[in-house]
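*Asks:* here are the coordinates; sequence isn't available:
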């Protein structure tokens, strides 16, 4: 990148790294503080860095009250669009304030106060966001568990967080079925050592009629409206910037989830800054993140970030396809005049699979939409090109993790839009000192692939630690490379400073002594015109150590001779990566196993192929039947 095109970005990023106090204290002025901070970062106990340690604020006040006080109470805060029920609702900032302060009062009646925990086990309905904001209002710590998680997984999270209250609903709605929550909550309470005092239920009587409360000794049940009627609206409670806002559990290598802790101050400052500088979103813009509040994307960019800057956030209950068709996303974007859509690449691939020519896009007026953002997994060049060609708008990848809470690398559309390179999320976001390291922790030159790591301290808004487990925090993230946070992803940074994330480092395979990225092979295969999705894994090989094996899902309507297609794909990989890849095996399958957030379960696939016993299938799997159907093919290759 030339100086003329990167001067603003370069200067901003350089200042954020060289003088974080000056940079972030200035940015902190966009937040309302009850006690303004005078220090940005406290590094007295590395690797436990604390942001704005002498500041006090309330996140709920910053998300709701201040916009009403500024005279914008009649603006929409949330637009709820349920494709599975047909219900649509607009909630203004003034209405949201009333709901949040009332439900915070209901939680207070149950003894919830500053530092107490509340588990939220909800479908994609507005009251899930209200419950989160009500917790923040009291200085309580929420832990949102994806609605529909199995009872044992819910029980693990209840035992770890030890909540005073569980907030739930009667059930969630999938395109082909309804999922009652009461039996799972009741079973989880049977399994737990900790007994919450109360369960508060946001009803869906029209969808789940005649559901009686379960009998759970020691835990009382009540409906939301009844709980609110017996309470007084609660005022916002100032908390320290370093106090926890929420716990969000992410899968761990031991099988026990890790409770990522997010603070109040750094989180508010970073997310507010990101909305304009990363995403180009102004107050009053309609912003749509097609995710779930159970995931980090939902926490950051359905609830907190849009409200922190006074935007309007769409809460969508539905799927990219099947509710009712592959035009669902375009219908929502058009109807609500969303200026941007933020979703996972797997959603775009699902749409492309059903509508390979993009015909559904042409049925809707997308003139208000400026940008399509993708995150959650690598945006492969082929998917990027399809979306770009059919939408005629910038398609912007951004790379981040549950642990970071907001992008590590992105194309900064508000600060300084940059040329897009397919396959790259562009550059490191200000606040992140990103490096590529070899196995010994030595920085690598541009273009050389290695381990992507962030020099400490990380930006504000990233994980403050793991819930009551400092030792695991250090061993999981800070012990691989001294002075760095290890992202667990591999990749490289090119001569222009563009970041290329090639996949998890455990997806780098060793073929006869050659280290090869399965992500690079997937990128090649994804360019084949018949391929909708692909996963390449490394399986054990008694001669070469490992060998790559591919599994592809074809686009809708494609019928190909398996042997002929395999030959074409093998030739493509050989041409672009070389014979050293020894890519010879590729199987057409009906689907790939994924988490509910869209990540393909490559590690689980590899374990099955290698004949590993007692494979722990992640609780986040979207559809276990897909993995069951694929397992015989995996075992055959192994």
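*Replies:* Happy to help now that I have it. Note that the structure is predicted; figures quoted are calculated from it, not measured.

*Asks:* all contacts plus neighbour counts: C-alpha atoms, from now on.
*Replies:* Will do.

*Asks:* Show the low-confidence segments of the stretch 501-638 of the chain, by residue range.
*Replies:* 505-508, 510, 512-515, 542-544, 578, 580, 597, 638 (pLDDT under 70).

*Asks:* Point me to the helix or strand that includes residue 168.
*Replies:* Per DSSP states H and E, residue 168 falls inside strand 165-169.

*Asks:* do the same with residue 532
*Replies:* With DSSP H and E as criterion, residue 532 is part of strand 531-541.

*Asks:* Just the residues contacting that strand, thanks.
*Replies:* With CA atoms under 8 Å, 6 or more residues apart in numbering as the test, strand 531-541 has contacts from 349-350, 352-353, 507, 509, 518-519, 521-522, 525-526, 546-555, 592, 600, 602-603, 605-606, 609-610, 637-638.

*Asks:* what do you get if the cut-off is 7 Å, keeping everything else the same?
*Replies:* 349, 353, 509, 518, 522, 526, 546-555, 602, 606, 609-610, 638 (CA atoms under 7 Å, 6 or more residues apart in numbering).

*Asks:* Same check on stretch 183-191?
*Replies:* Taking CA under 7 Å, 6+ apart as the rule, stretch 183-191 contacts 150, 151, 152, 154, 155, 195, 214, 216.

*Asks:* Three-state assignment for the third one, please.
*Replies:* Counting by DSSP: H, G, I helix; E, B strand; the rest coil, the backbone at residue 152 sits in helix.

*Asks:* ok, now which ones touch it?
*Replies:* With CA under 7 Å, 6+ apart, residue 152 has these contacts: residue 188.

*Asks:* picking up where we left off before, next secondary structure element downstream of the strand holding residue 168?
*Replies:* Following strand 165-169 in sequence, per DSSP H and E, is strand 171-173.

*Asks:* Show me what that following strand is packed against.
*Replies:* strand 178-180 (3 or more CA pairs under 7 Å, 6 or more residues apart in numbering; DSSP states H and E).

*Asks:* So which elements touch the strand it packs on?
*Replies:* Using 3+ CA pairs under 7 Å, 6+ apart: strand 178-180 touches strand 171-173.

*Asks:* Listing partners with orientation, what would you give for the strand it packs on?
*Replies:* strand 178-180 (antiparallel) (DSSP bridges).

*Asks:* Which ones among the contacts of strand 531-541 map onto strands?
*Replies:* 509, 546, 547, 548, 549, 550, 551, 552, 553, 554 (DSSP state E).

*Asks:* Neighbour count and distance to residue 331 for these - can I get that in JSON lines?
*Replies:* Listed next are the ones in strands among the contacts of strand 531-541 as JSON lines, based on neighbours: other CA atoms under 10 Å; distance: CA to CA, whole Å:
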{"residue": "509", "neighbour count": "22", "distance to residue 331": "42"}
{"residue": "546", "neighbour count": "19", "distance to residue 331": "45"}
{"residue": "547", "neighbour count": "23", "distance to residue 331": "43"}
{"residue": "548", "neighbour count": "23", "distance to residue 331": "40"}
{"residue": "549", "neighbour count": "23", "distance to residue 331": "38"}
{"residue": "550", "neighbour count": "23", "distance to residue 331": "34"}
{"residue": "551", "neighbour count": "22", "distance to residue 331": "32"}
{"residue": "552", "neighbour count": "23", "distance to residue 331": "29"}
{"residue": "553", "neighbour count": "20", "distance to residue 331": "26"}
{"residue": "554", "neighbour count": "20", "distance to residue 331": "25"}
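
*Asks:* Same list (those) but as TSV, adding distance to residue 233.
*Replies:* Below are the ones in strands among the contacts of strand 531-541 laid out as TSV (distance: CA to CA, whole Å):
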residue	distance to residue 233
509	57
546	61
547	62
548	59
549	59
550	57
551	55
552	54
553	52
554	54
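
*Asks:* Among the contacts of stretch 183-191, which one lies nearest to residue 20?
*Replies:* residue 154 (38.7 Å; CA to CA).

*Asks:* Distance of the closest one relative to residue 107?
*Replies:* 20 Å (CA to CA, to the nearest Å).

*Asks:* neighbour-wise, which of the two wins?
*Replies:* residue 107 (28 against 24; other CA atoms under 10 Å).

*Asks:* Distance-wise, check the more buried one relative to residue 230.
*Replies:* Counting by CA to CA, the gap from residue 107 to residue 230 is 11 Å.

*Asks:* Domain parsing of this protein, as residue ranges.
*Replies:* By the record's domain assignment, the chain is partitioned as 3-318+400-492, 512-637 (automatic domain parsing).

*Asks:* For the ones you listed, which has the smallest mean pLDDT value?
*Replies:* Of all these, the segment with the smallest mean pLDDT is domain 512-637, scoring a mean of 84.

*Asks:* which stretches of the stretch 251-400 of the chain form strands?
*Replies:* Secondary structure of the stretch 251-400 of the chain (DSSP state E, counting those that start in this stretch): strands located at 258-263, 286-289, 312-317, 340-343, 371-374, 395-399.

*Asks:* Show me what counts as buried in the helix or strand encompassing residue 201.
*Replies:* Assigning secondary structure by DSSP H and E places residue 201 in strand 198-202. Across strand 198-202, burial judged by 16 or more other CA atoms under 10 Å covers 198, 199, 200, 201, 202.
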